[in-house]
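**Q** Next one to model:
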Amino acid sequence: MPRRKAPEDLSVEELRRLLIEKRRGARRERLEHFKRTGRVVEVEPDILASSTPVVDTLEETSDQPQVPGTKRRRVMDRVLLVVEVLAVVGLVGVLISGFGILRTLNEEVTSALIQETLTPTPLVMAVVLPSGHVPPDAQGNTRPNLEEIPAHLQPMVQSLANIPIPTAAPDQAIRIQVPAINIDAPIVQGDGWEQLKKGVGQNVGSANPGQSGNVILSAHNDVYGEIFRYLDKLTPGDQVVLYTQQRQYVYVVDRTALVEPTAVEVMAGTGSPTVTLISCYPYLVDKQRIVVFARLQN
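**A** Coordinates of the predicted model:
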């Protein structure tokens, strides 16, 4: 009878076989116990029953041809993975496109709101053009010509007579020169009756010199210095020079027009820097208005 080897004398392969035999015996004991107690279960063939080592069995299995069902399943898994990836990519594309459309809509809405905000408002209050008055008498006395104002609008005009004059700012007009007709006069804010006694009046709310928009200036032609008496002598190309506390701006005359006192559309805002000069016309008659339009030279 061969002498039993001590565990430390056994090789790795012998230790592995002993472990397999021990597990196989434990498994058989459990199966016998289940049979005795009536609990018989279906079990897969015991892989440990094979005398071939586990590692060798796995290596042989990997060398065996794959089952057709497993191949089809793997192909379907790959197809589904591709479909899922394409769906995710499509969703990302839709989100990016949606963000772009939303950004474009926001820019359009913002642009529309800005345009509405910049729309001039003085025309809402204007009923007749400024500087209107009755012709002076032999002593030079005159008064505002209320007959120009439609009767139903006179209460509104009176309510707007005391509009507060804005505080002077560095970019507001303070002086006007028109070399072709020898005008050199101060500019005051406001174009009411009292303001036009002091010089050329700038309509409250109109643009400042050099800015995009319409600088609206008025003065009398036959009273209080007759500053704008010779506006009808201006021709296209003549210069209108406006001064602020900071610099001067040169405008060039485009055209001249004769309009009715109610033609307030000549005070409309513009998209480029312009100036509009307004006065009564004709001299000592004052039934109409003469309007000179000029644009910024540079």
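
**Q** When you work out contacts or count neighbours from here on, use the C-alpha atoms and nothing else.
**A** Will do.

**Q** Neighbours of the closest residue to Ile149 other than its chain neighbours, how many?
**A** Of all residues not flanking Ile149 in the chain, Val128 sits nearest, at 6.6 Å (C-alpha to C-alpha, 6 or more residues apart in numbering). Neighbour count of Val128, defined by other C-alpha atoms under 10 Å: 19.

**Q** just Val200 next, same as before
**A** By other C-alpha under 10 Å, neighbour count at Val200 equals 28.

**Q** how far away is it from Gly140?
**A** Between Val200 and Gly140 the distance, using C-alpha to C-alpha, to the nearest Å, works out to 19 Å.

**Q** Same check on Pro155?
**A** 28 Å.

**Q** for Leu113, same thing?
**A** 50 Å.

**Q** do Asp286 as well
**A** 14 Å.

**Q** about what we covered before: tell me which residues touch the residue nearest to Ile149, please.
**A** By C-alpha atoms under 8 Å, 6 or more residues apart in numbering, the residues touching Val128 are 148-149, 261-264.

**Q** Can you tell me which of these is nearest Arg17?
**A** Nearest to Arg17, judged by C-alpha to C-alpha, of those is Val264 at 112.3 Å.

**Q** State the number of residues packed around the closest one.
**A** Residues near Val264, counting by other C-alpha under 10 Å, number 18.

**Q** now the one 5 residues further on
**A** Neighbouring residues of Gly269 were enumerated by other C-alpha under 10 Å; the total is 22.

**Q** sorry, back to before: per-residue confidence for the residue nearest to Ile149?
**A** On pLDDT, Val128 comes in at 90.

**Q** which SS class is it?
**A** For Val128, the assignment made with DSSP: H, G, I helix; E, B strand; the rest coil gives coil.

**Q** any idea how far it is from Glu260?
**A** Separation of Val128 from Glu260 (C-alpha to C-alpha) stands at 9 Å.

**Q** for the protein, what's the longest strand?
**A** strand 248-259 (DSSP state E).

**Q** buried ones in that strand?
**A** Residues of strand 248-259 classed as buried: 249-254, 256, 258-259 (neighbour count, 16 or more other C-alpha atoms under 10 Å).

**Q** Ok, stretch 191-198 next?
**A** For stretch 191-198, a neighbour-count test (16+ other C-alpha under 10 Å) marks 191-193, 195-197 as buried.

**Q** Could you pull up the mean pLDDT of that stretch?
**A** Stretch 191-198 comes out at a mean pLDDT of 92.

**Q** Return the item of the contacts of Val128 having minimum pLDDT.
**A** At the low end of pLDDT for those is Ile149, which has 83.

**Q** if I read this right, it contacts Leu129, doesn't it?
**A** No. Because the distance of 9.8 Å does not satisfy C-alpha atoms under 8 Å, Ile149 is recorded as not touching Leu129.
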